[in-house]
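Chemist: Okay, structure incoming, though there's no sequence with it:
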DNA sequence: TCAGCAAGGTGGTCGGACCACTACGGCTCA
DNA sequence: TGAGCCGTAGTGGTCCGACCACCTTGCTGA
């Protein structure tokens, strides 16, 4: 009947688009289980191998989730699911693009911090303080980094924009931060970092969005500028 | 020798990580050609099927590129390559997350427009004008949308941050814009949109970053607010 | 000299087989 | 009667081998 498929692109690519379309059109709900690989392959008229490649593709994109022995399910399609791949960008970027990524982070982080200043709850604020004190109480770089990440994660979460938080999560992925900070902190930037974190915290307590925005921008900007000089050596 | 692999996770997942690591460590340069699927499978000690799934995964992530009959190549690993998946997020998002995405776009677009005001060249400015006039010269929604997209694309490109431009590209993907704007423009928002675009253009000509920032933020904010009311019906 | 052709190599697809794991039901035993 | 064990059917995960579609290369022949 409708077998006039013009056969554009590869079979697998077509299967990817079809499943994606099914989800976009609402024919597949978040959390819903899909037919088996074998059935899906028959339905779309392709081999199981090709269907598996399509499923793999949608799996790495965070759209599908395959559970061994159970079945294939649509994820909740939340920001975290779909933006997990963002970390790959950060991990594979080098040189000038690291600066660009930090610039993006500066813009988003400052906005998120400003939003958080207006919206953060007492509980969230307490958690921010917990990580702040824990960060200042140790000299282990690993531990500092972990609390540093958590510090910003809580703030991003308090901003109330899950999508923004998920992007920031990717821009702060462990390997990314570790690569950049390795050199930065070696220059004795610990003290400066602590001051900056304290300033961010003060602005949150004061519920002052503009101060929070400025503090966060300065915080990321410091690293950004340092990295800029590391790369170019220009003025 | 080192065959003590603890066999964590699936075979395919391991292969993905290994190839990714090879690129991150610089053992594979951008543009370089990889061994054949068959050879790679042998090297990593897995079947060709599993290797193909791994390659497919890295292909959708924009890390690898398979050319039929020629071979598998590492992409240039530029922002555009790696952030292409960002469009998927926009296409599969609904309801509240659409607002979140527009909020992110508002923040980035306003920043990019401000940067562009300071850096845009005469040629780029001419192109902006071209799309602006073309946009105002037609009533075909399709054509308007196309020039609208191009308008912002040129500006984002002039900002000098390819990463930011690539993210904005994803946040403005054709299907995304089409979905949101379908309703928005039906309410006779064409005139308003034209005024806003004109304001952005004026700020660029005046090379006034703050005005450009404000104009861009207002432009996206309009759509954002409209969408907010469409969803919640709240005040 | 160069256009055209032929062969080899490469990714793309297919089908089938088997393995590893999960979920579910019936069975056993207290 | 109830809980726990266990087997089995079904699912995704892996492997193999074959063939197809396409590109590249180099040779052929005018």
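Modeler: Thanks, I have it. It should be emphasised that the depicted structure is a prediction, and the values quoted were computed from it without experimental measurement. Residues are numbered from 1 along each chain as shown, chains lettered A, B, ... in the order given.

Chemist: The residue nearest the centre of chain A: what's it in contact with?
Modeler: Nearest residue to the geometric centre of chain A (C-alpha atoms, centre = their mean): residue A:170, 2.7 Å. By C-beta atoms under 8 Å, 6 or more residues apart in numbering or on different chains, the residues touching residue A:170 are A:83-87, A:89-90. Just so you know, the C-beta spots here come from the backbone N, C-alpha and C atoms, and that holds for glycine as well.

Chemist: what's the closest non-adjacent residue to it?
Modeler: residue A:86 (3.0 Å; C-beta to C-beta, 6 or more residues apart in numbering or on different chains).

Chemist: wait, doesn't the one you found sit right on residue A:168?
Modeler: No. Using C-beta atoms under 8 Å as the test, residue A:86 is too far from residue A:168 to be in contact (9.4 Å).

Chemist: Just confirm residue A:121 contacts residue A:157, I think it does.
Modeler: No. Taking C-beta under 8 Å as the definition, residue A:121 is not a contact partner of residue A:157, at 10.4 Å.

Chemist: neighbour count winner among these two?
Modeler: Using other C-beta atoms under 10 Å in any protein chain shown as the criterion, residue A:121 and residue A:157 rank with residue A:157 on top: 19 against 10.

Chemist: quick one: secondary structure of that one?
Modeler: Assigned state for residue A:157: helix (three-state reduction, DSSP: H, G, I helix; E, B strand; the rest coil).

Chemist: Return the per-residue confidence for the closest residue to it other than its chain neighbours.
Modeler: Counting by C-beta to C-beta, 6+ apart, residue A:157 lies nearest to residue A:165, which is 5.5 Å off, once chain neighbours are set aside. We have a pLDDT of 98 for residue A:165.

Chemist: cool, and residue A:7?
Modeler: The per-residue pLDDT reported for residue A:7 equals 65.

Chemist: now the one 3 residues further on
Modeler: Residue A:10 carries a pLDDT value of 93.

Chemist: residues in contact with residue A:95?
Modeler: Neighbouring residues of residue A:95 by C-beta under 8 Å, 6+ apart: residue A:231.

Chemist: State the distance from it to residue A:228.
Modeler: 11 Å (C-beta to C-beta, to the nearest Å).

Chemist: The helix or strand harbouring residue A:111 vs helix B:96-119, what angle?
Modeler: Applying DSSP states H and E as the criterion places residue A:111 in helix A:96-119. Angle, helix A:96-119 to helix B:96-119, by axes from the mean of the first three to the mean of the last three C-alpha atoms, to 10 degrees: 120 degrees.

Chemist: What's the mean pLDDT across helix A:96-119?
Modeler: The average pLDDT for helix A:96-119 rounds to 97.

Chemist: Show me what that helix packs onto, helices and strands only.
Modeler: Packing contacts for helix A:96-119, counted by 3 or more C-beta pairs under 8 Å, 6 or more residues apart in numbering or on different chains; DSSP states H and E, involve helix A:141-158, helix A:162-171, helix A:174-186, helix A:190-205, helix A:209-232, helix B:96-119, helix B:162-171.

Chemist: Show me which residues of the lowest-mean-pLDDT helix or strand in chain A are buried.
Modeler: Least confident helix or strand, chain A: helix A:174-186 with a mean of 80, by mean pLDDT, DSSP states H and E. Buried residues in helix A:174-186, defined by neighbour count with 16 or more other C-beta atoms under 10 Å in any protein chain shown: A:176-177, A:179-181, A:184-185.

Chemist: buried sites along the helix holding residue A:111?
Modeler: Those would be A:97-117, for helix A:96-119 by 16+ other C-beta under 10 Å.

Chemist: if we can go back for a sec, okay, the angle between the least confident helix or strand of chain A and helix A:190-205?
Modeler: Using the same axes, to 10 degrees: helix A:174-186 against helix A:190-205 is 120 degrees.
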